[in-house]
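# Sharing a model prediction with you, sequence too.
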Amino acid sequence: MYVPQYAYPRAPGKCEDQRFSYSFDASNLPVFTGSLSPGQQTGRIPLSLDKDADFYLRAINIQGAAAVRIEDPEDNPFSDADNRLQAANFMLPEQYGDSAGAGVVALDSGADGVYGPAGGKFVILLANLGASTIQLSTCAITLHGVKRYVEKVCS
Amino acid sequence: MTPKLQQRFFIYVLGPGQDSRLSSIASGVTVQEVNLQTDDDAPFVLCGKSVRHAYTSDLDQADLQGLKTRWSGPLKDYRFQEYVLESLQAAYYGQFGNPKPIVPPIFYPSRSVLSLDLQNTGAGTISNLSFYFWGYKLFPAGAVPAYTYPRRMGSQTFAYPVPVTALGVSEYRYDQIFTVKPDADFVLRAGQGFRISSTEGGRTLAEVSIRLKDNHKQSYMSDFVPFDVLFGTGQFPAVVPLGPTPDFVSPFGTGPSQPGIIYPEIYLPRNYQLLYDLKRADGSGGSNQAEDFSFSLIGSKVQSDG
C-alpha cells in the first residue's frame, strides 16, 4: 500500500526512477543491538545510502517503541518543536511511522521526495520517552522511495 | 477551488452540548429533529461525518452498534429513505481521522438547518452521543485572514510534536499556543493523536478533545472534537463494535499511514501562532490522575524560492 499523498512527476530527461527501499535494524546497524534506558537518547546514527544512484525518500516505516528524529543528508530535521521539552524533538512511532503493518507511511515531501545524494547519509536519533528500558533489537526503520538512475548507468 | 471564494476547514459538532437529548438515549427510543443550525458568517459545505459516544469503562463504544440515523439537507430534504444503521455507513463510525465521505458534498447556506433523527435499536443506553460534520466554510475572498504558498517555493515533510503536560482529569485548558518555527512556513495537512489508554489500576486517558483556532481566536470547529475523531493514531487499545452481537475489533488501517486529514489544509506562515483549547472529561473515577501526552501536527515546511 504505497500511496503518495500527491502524484509524483515522471523522472526528468534521460533518468529512470526505480522503486527502492533501505531497511536498518540489528542485522545491519550495530546501534540496534543495544538498549535505551528511560530518558536516554542516542547520538546521531547515520543511515548510509548506496553509491550507485541518488535516492528520493517518499515514505517510511518504523518499528519499536523508541521515539525517532530523522534528518535528511543536509541536516534538515523532519520533526522538531524547538526544545520545548525533550519529547518535542522526537516523534513517537505510534504518531508517526509505526502503522503496525497497516500500510506504508507516506511523507509530504516536495516535488520528487526528500533528496539523498548517492553515498549520502540520512540520520536518525532515538530516544526513550517511556518508563521502561527499550531493547533496540526490537527497533527497525525502513526508508521507501526511488533511486534515480541516469540512462547510461542503467543500461 | 471555488472561484472568488475561500475555503476554510470547519467541523460542526452536534452533541449533548447542542441538544441535551443526546446525553442519554435509552434502548428503543427515537429522537427526532435534532437540529444543527449553521453559523451566520458563511455557508458550509459538508464533506464527511463521524459519530461517537463516550467510552465505557472497557474502552469500547458498544452502544453505537444499534444506532440508526437519518439526516437532511438544508431544505429538510432527507438523504435517506429510512433510518440506516451507523455501523453500515462507515468504517469505525468515521472516527480515527477517517470520516465517512459525503459525496457529492452538500451545500448548506448560512443559518440553514441540518435536521437529524435517530433511533437506538440496541440493548443499552447510549451516553453522550455526538455527531461531527466535516467540511469547509465558504467565505468571500479576503473576508477572513488566509495565507497561501509563495509564487515560487519548495517544500519538505515536517511534523511538530506537541507535548501536553499534566492535563487534569476534568480540565479545560484554553488558548494554548502552537508557534510555527521561524525558518519556514508550515502547511498543516494532518494530525496524529495520543494513544487512548486504560491501565489495570484504572487510570484512564480517553475523553480528551481539542478545538483549533486561528490567531484571531476564530475557531476551526464549533465545539471540542475528541482526538480520536479528529486524528488517527497508530495504536488502539480502544475497540469498536462490529456486527449484531457485537464482536469488538481494533481499528486497522488508520493511524500513521492514514492520518486524520485536514482539508482544506491550513497554511501557517513562519512565526504564526495557532491556538488550541484542550478539554479532558475522564473524571476522577478509578485512579485517574493528571496525565502527560503528546500529539503531532503533520504537513510540510514551505520555503520561498526567490
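Now that the structure is in, tell me what you want to look at.
# so who does residue 129 touch?
Went with chain A since none was named. With C-beta atoms under 8 Å, 6 or more residues apart in numbering or on different chains as the criterion, the residues that contact A:Leu129 are A:39, A:67, A:86-87, A:90, A:92. Using the backbone N, CA and C atoms, a C-beta is placed for each residue, glycine as well.
# think we crossed wires, I meant chain B
With contacts taken as C-beta under 8 Å, 6+ apart, B:Leu129 has the following neighbours: B:15-16, B:22-23, B:25, B:51-53, B:67, B:118.
# Next one: it relative to B:Val239, how far apart?
Computed with C-beta to C-beta, to the nearest Å, the distance linking B:Leu129 and B:Val239 is 18 Å.
# For the residue nearest the centre of chain B, give me phi and psi.
The central residue of chain B, meaning the one whose C-alpha is nearest the mean C-alpha position (C-alpha atoms, centre = their mean), is B:Leu230 at 3.4 Å. Phi and psi for B:Leu230, reported as degrees, to the nearest 10, are phi -70, psi -40.
# And for whichever residue of chain A sits closest to chain B, nearest residue in space, chain neighbours not counted?
Residue of chain A nearest chain B, by C-beta to the nearest C-beta: A:Gly103 (3.0 Å). Of all residues not flanking A:Gly103 in the chain, B:Ser257 sits nearest, at 3.0 Å (C-beta to C-beta, 6 or more residues apart in numbering or on different chains).
# and that neighbour, how many neighbours?
Close neighbours of B:Ser257, defined as other C-beta atoms under 10 Å in any protein chain shown, add up to 23.
# what does A:Glu71 give?
Burial of A:Glu71, expressed as a neighbour count using other C-beta under 10 Å, amounts to 19.
# State the distance from the nearest residue to A:Asp75 once chain neighbours are set aside to A:Phe24.
If the residues on either side of it in the chain are set aside, A:Asp75 comes closest to A:Val123, at 7.4 Å by C-beta to C-beta, 6+ apart. As defined by C-beta to C-beta, A:Val123 lies at a distance of 11 Å from A:Phe24.
# Report the set of residues contacting both of those two.
With contacts taken as C-beta under 8 Å, 6+ apart, A:Val123 and A:Phe24 have A:Leu47 as neighbours in common.
# Confirm for me that B:Asp183 is in contact with B:Pro269.
No - applying C-beta atoms under 8 Å as the test, B:Asp183 and B:Pro269 come out as separate, 11.9 Å apart.
# residue ranges for the strands of the stretch 151-300 of chain B, please.
When secondary structure is read from DSSP state E, counting those that start in this stretch, the stretch 151-300 of chain B shows strands at B:153-167, B:172-179, B:185-192, B:197-198, B:204-205, B:208-213, B:225-226, B:240-242, B:247-249, B:260-268, B:273-280, B:291-304.
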